[in-house]
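S.K.: after the sequence you'll find the predicted model.
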Amino acid sequence: MRLDVVTIFPDYLAPLDLSLIGKARRDGILDVRVHDLRDFAHDRHRSVDDSPFGGGAGMVMTPGPWAAALDHVVASGPTEDAVVPHLVVPGPGGVPFTQALARRLAAEPWLAFACGRYEGIDERVYEHAQERMPVTVVSLGDYVLNGGEVAVLAMVEAVGRLLPGVVGNAESLVEESHEGGLLEYPVYTRPARWEDGGILREVPPVLLSGDHAAIAAWRHEQRVARTAARRPDLLPASATTGALEDLDVR
Ligand code: ADE
């Protein structure tokens, strides 16, 4: 999968060299290209922002450098067929980023990310982009970041780990939170009996029983109970009534 990121802070994307995403790049699974928006500004100060028409606080990113940067990304694609990237613009006003959206984006051959800063990007840039490629504004959640870069790190990690060969054990993708609509069950490792400064903390006995059916049933119960306690919005209304009150969910 090819990923292009346009930003005024290329260094912000340095973590994409680390861990499983860095390895996926070295393995040729991910082709990540980071572009400095200021390289597409043509004045002496390489400026990319100006004050908003109509007044108001802060600065707005000007259209010229953005159009040039996006055109550059599109033009750098494979020449033999008219492939264009799917452009993702992180922003608090976008559609929610979910595991389902991560899966849809993971099926794309080419994603481009446009990282806005300040009060946002001149709206005409979206028109320019939409005439050339599919565009989706995506929000990480109902809070405001200073710019799109941190959101891109999160989205690239969530999307990249779904690509074949990125996460070594494909099974670990199946039972995790948000797959199957439930949060993940609690996990434990050695020691089975942990002396924690005078308090003995033990692993739930069922996990030591060797009874695979009982373990699977316990884990499922835990997933449902955790989801009911922390994210009842994920459950159908019927699942949140009765039977769960006495389960110990932290
Ligand atoms: N940029 C600023 N806030 C954001 C958010 N909540 N999600 C994605 N990108 C953002």
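M.R.: Looks like it came in fine. Computed from a predicted structure; not experimentally measured.
S.K.: hey, let's count contacts and neighbours off CA atoms from now on
M.R.: Noted.
S.K.: quick check: residues of this protein near the ligand?
M.R.: If contacts are counted using C-alpha under 6 Å from any ligand atom, the residues of the chain sitting beside the ligand are 90-92, 138-148, 151.
S.K.: mind giving me the PyMOL select for these, buried ones only?
M.R.: Selecting only the buried members of the residues of the chain next to the ligand in PyMOL, with burial defined as 16 or more other C-alpha atoms under 10 Å, works like this:
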select buried, resi 90+91+92+138+139+140+141+147+148+151
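S.K.: can you point me to the longest helix in this structure?
M.R.: As far as residue count goes, and with DSSP state H defining each element, the longest helix of the chain is helix 212-230.
S.K.: centre of the chain versus that helix, how much separation?
M.R.: Here helix 212-230 is found 26 Å from its chain centre; the criterion is C-alpha atoms, centre = their mean, to the nearest Å.
S.K.: which positions in it come out as buried?
M.R.: Of the residues in helix 212-230, 215, 219-220, 222-229 count as buried by neighbour count, 16+ other C-alpha under 10 Å.
S.K.: which other residues reach the host helix or strand of A158?
M.R.: Secondary-structure assignment from DSSP states H and E places A158 in helix 149-160. Residues from elsewhere that reach helix 149-160 (C-alpha atoms under 8 Å, 6 or more residues apart in numbering): 7, 9, 12-13, 15-16, 21, 30, 90, 97, 99, 102-103, 105-106, 113, 115, 139-140, 166.
S.K.: okay, and which of these map to helices?
M.R.: Using DSSP H to define helices, the subset of the contacts of helix 149-160 located there is 21, 99, 102-103, 105-106.
S.K.: tell me the residue furthest from the middle of this structure?
M.R.: In the chain, counting by C-alpha atoms, centre = their mean, G198 sits farthest out from the average C-alpha position, at 41.0 Å.
S.K.: okay, that one: pLDDT?
M.R.: pLDDT for G198: 97.
S.K.: so how far is L18 from it?
M.R.: Distance, G198 to L18, by C-alpha to C-alpha, to the nearest Å: 39 Å.
S.K.: picking up where we left off before, quick one: which of the buried residues of helix 212-230 is nearest H35?
M.R.: T227 (40.1 Å; C-alpha to C-alpha).
S.K.: from E202, how far off is the closest one?
M.R.: Plainly put, T227 is 23 Å away from E202 if you go by C-alpha to C-alpha.
S.K.: check L182 too.
M.R.: Following C-alpha to C-alpha, the distance that separates L182 from E202 is 25 Å.
S.K.: do H128 as well
M.R.: 60 Å.
S.K.: now do E179
M.R.: For E179, the distance to E202 - C-alpha to C-alpha - is 28 Å.
S.K.: how does this structure divide into domains?
M.R.: Here the domain assignment for the chain is 2-169, 175-240, based on automatic domain parsing.
S.K.: and the closest residue to T136 other than its chain neighbours, what element?
M.R.: Closest residue to T136 apart from its sequence neighbours, by C-alpha to C-alpha, 6 or more residues apart in numbering: V88 at 5.0 Å. Here V88 sits within strand 86-96, counting by DSSP H and E.
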